[in-house]
Structures are given as C-alpha cells and as structure tokens.
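>>> Sequence and computational prediction follow.
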Amino acid sequence: MAKTDLKRQDGESALAGASESVAEFEDHRSGFVPRLQHALHMNPSIVPLIVLMLSILLFGALLGSKFFSPFALTLILQQVQIVGIVAAAQSLIILTAGIDLSVGAIMVISSVVMGQFTFRYGIPVPISILSGLLCGMFFGFINGLLVSRVKLPPFIVTLGMWQIVLAANFLYSANETIRAQDIEAHAPLLQLFGAKFNIGGAVFTVGVVFMVALVLVLAYALRHTAWGRHVYAVGDDKAAAELSGVKTNRVLISVYMLSGLICAFAGWALIGRIGSVSPTAGQLTNIESITAVVIGGISLFGGRGSVLGALFGALIVGVFTLGLRLLGADAQWTYLLIGVLIIGAVAVDQWIRKVSV
C-alpha cells in the first residue's frame, strides 16, 4: 500500500508539473498587433471607414469650406450612387469567392430594355421597368447556372457574358440614344432615381437614398439570416459548406440572380442620373465596382468582408475624385492614388488573413 501511495503521489506531482509547464507557454498572439489583426478580421469595414474619414479631413483641411459644405459632401454621394449600387451587387459575388465582369453590361442593357419597351413598343412604363428588372435577373441566373451547375470559373463565365450582353445591347438598341427631353415629357417615371430634394442645404436624390437603403438591407441579411451565413460559408470553403448541409448550388444561383436584379436597379438609377437612355453609358462600371469592393476591405478570396465596406470604398474614390478636382490637380493623380489604395487594400487583406493561420 505504501508503494502504491508513493506511486500515486509521484504521478500527481508529475501531472501538476506538466500542468505548470503547459501554463508557462507564452501566448504569441496576445500582443497589440495580433489583437489588432483579430479586430480587423472580425470587422473588415473598419479600415476603409478610417481611410474615408482621414481623406475627408485631409481635403477639408486643404480646401476648407469649399469642401466642407453640405452641397459638396452630398455631391459625392450623387456621383457615387451608380457605382455604390453596382458595388453592392459585386460584393455578393466576391463574398462567394467569385467575380462578375458583366455587372456594367447587365446594368446598361436593363436600362435599354426599359427605354426601348416604353418608346419603341409603347408598353406602359411600369411594365417596361419590370421587364428591365427581369432582364437583369435573367442574365444573373445564366451566370449562376454556369458557375454552379456547369462548374465553370466565374471569371471566364462573366467575361464571356460581358461580351455577349455588350453585343446584344448594341444590336438591340441599334446604338440609339433616347433623349432626356423625350423621357421627361412622356415617361418621367424612368427618371425617378434622379429626383432631387433638399435637407438643410444638402441636395439628395432618390438614387442616393436607394443606395444607402440597399446597403443597409444587404448588410442585415448577410449578418442576421441563414441565407447570409450560407453566402459566407460558400465563399470561405465550398466543400466544407456542402458537407455541413448547405445547398451551395442554390446559394450561388440566388446570389447571381440577386446581383443581376441589383444591376438592373442600377440601370434604372443610371437613367435618372444622366437623364437619357444611352447604350454607351457606364462602360467602366464593372472595373469601378471591383475597385470599390477591394478598397472596401472585402477579400477577393471570399468569405470575409462587409457590404458596408464596399460603400465606404466607393465613397473613398468619390472623395479623392472631387477633392483633387477642386484642388485643380491633373486627373491622372486620381488614378495614381486609387491604384495605390487598391494595392494597399490587398496587402492589408493578406496581412489580416494571417490571423486565421
């Protein structure tokens, strides 16, 4: 019995020693930098928000009341409303680890359908608008079907769709522009998103209100609904999402369809913004939307980011564009600084991703 008790005591002391040695391991992730990485990983829209606030303060200090005025600040919102809406659509795709190069073309052809149905065929304006929205959803559905069911790479699918829709747009419209005067006289509902109203010297448009409301609704849906959690799961690891019971194909198709619908709304907003229906408008929107998403902190690898960040990214580009224009700087400086922001945003994303390693 004495030998047994002695062995038991030796075992307990060994376990106690092992516990003490384990407790003495240094936590290499408890410093300030690891905590910062973790905070940015959990809230990726913080970085673009900080950049946005700093850029506003910078141009405000350089330009004074010329920049810090309700009119100037709301002018930025008006200028980025189209890119902001399309960036919301692009965000959904990139969160699933895809990319959509056809968003600009879908936007334009949706606006063309609305205009042509109204003026060429004499269809009532509400039905023409609905047809344009369904047109955007249709092209989004085709994209989603090819990506999810046929297993084609999103880049290739949307690159091809961009070319197809662009050609269909010019062939269908015969490169005809419907003038703003005709729309204003016979179909003012097409220009709804361009309607302006004043609040304390600030000039807002219906398009700006729609952009902000859209981003808030999507942000809520992505964070607080099962569909939103599935979107993040598919982007983070599609195979693991399938094993956990997520119907990944349905999620992808729904994301691409919703993206197409949002682009169609952007087409409606485009008519309100420029006043006319032009098949040549918004040709760079696909690149501008990707720029806003990347600067907004959404990871190009999928599964991480916030649609709010995409809005902040669009606003950052708008602030730099207007600020440099008011300073009288050459337009090339805008492209240079935006290029630096893009590379910097990707570098920060790579650094933040190390927190999960």
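Yep, that arrived. This structure is a prediction, so every number in the text was calculated from the model and none was measured. Residues are numbered from 1 along each chain as shown.
>>> how close does residue 233 sit to residue 227?
As judged by CB to CB, to the nearest Å, residue 233 and residue 227 stand 11 Å apart. Placement of C-beta: from N, CA and C, glycine included.
>>> From the neighbour counts alone, determine which of the two ranks first.
Taking other CB atoms under 10 Å, residue 233 and residue 227 do not tie; residue 233 has more neighbours (19 against 13).
>>> Would you confirm that that one contacts residue 242?
No: between residue 233 and residue 242 there is no contact under CB atoms under 8 Å: 9.4 Å.
>>> which other residues reach stretch 238-254?
96-98, 141, 144-145, 147-149, 227, 230-231, 233-234 (CB atoms under 8 Å, 6 or more residues apart in numbering).
>>> Adding distance to residue 336, write these out as CSV.
Putting those into CSV (distance: CB to CB, whole Å) gives the following:
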residue, distance to residue 336
96, 31
97, 30
98, 29
141, 39
144, 36
145, 40
147, 34
148, 39
149, 42
227, 40
230, 39
231, 34
233, 38
234, 36
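>>> where in this structure is pLDDT low?
Scanning the chain for pLDDT under 70 picks out the ranges 1-33, 36-42, 353-357.
>>> can you rerun that using 50?
1-2, 6-7, 14-27, 357 (pLDDT under 50).
>>> tell me the helices in the stretch 151-300 of the chain, going along the chain?
Taking DSSP state H, counting those that start in this stretch, the helices of the stretch 151-300 of the chain run over residues 154-173, 180-186, 206-224, 226-236, 238-243, 248-274, 285-295.
>>> oh sorry, the question was meant for the stretch 1-150 of the chain
2-23, 32-42, 46-63, 70-95, 103-119, 125-148.
>>> out of those helices, deepest packed?
Highest mean neighbour count of the helices of the stretch 1-150 of the chain: helix 103-119, a mean of 28 (counted as mean count of other CB atoms under 10 Å).
>>> now the angle from that helix to helix 154-173?
20 degrees (axes from the mean of the first three to the mean of the last three CA atoms, to 10 degrees).
>>> Out of the helices of the stretch 1-150 of the chain, which gets nearest to residue 296?
helix 46-63 (4.8 Å; CB to CB).
>>> Now the closest one - C-alpha only, CSV.
The C-alpha trace of helix 46-63 is given here as CSV (Å, rounded to 0.1, in the frame of the first residue of the first chain):
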residue,chain,number,x,y,z
ILE,A,46,-13.1,49.4,-40.1
VAL,A,47,-10.1,50.1,-42.3
PRO,A,48,-12.0,51.7,-45.2
LEU,A,49,-14.0,53.7,-42.7
ILE,A,50,-10.8,55.1,-41.2
VAL,A,51,-9.4,55.8,-44.6
LEU,A,52,-12.6,57.6,-45.6
MET,A,53,-12.6,59.8,-42.5
LEU,A,54,-9.0,60.6,-42.9
SER,A,55,-9.4,61.6,-46.6
ILE,A,56,-12.4,63.8,-45.7
LEU,A,57,-10.4,65.5,-43.0
LEU,A,58,-7.4,65.9,-45.3
PHE,A,59,-9.3,67.5,-48.2
GLY,A,60,-11.3,69.5,-45.6
ALA,A,61,-8.1,71.0,-44.2
LEU,A,62,-6.7,71.8,-47.7
LEU,A,63,-10.0,73.2,-49.1
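>>> contacts for it?
So helix 46-63 is contacted by 39-40, 67-68, 295-297, 309, 312-313, 315-316, 319-320, 322-323, 326-327, 341, 345, 348 (CB under 8 Å, 6+ apart).
>>> The residues you listed, buried ones only, as a PyMOL selection?
Burial among these is assessed by 16 or more other CB atoms under 10 Å; the matching PyMOL selection reads:
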select buried, resi 40+67+295+296+297+309+312+313+315+316+319+320+322+323+341+345+348
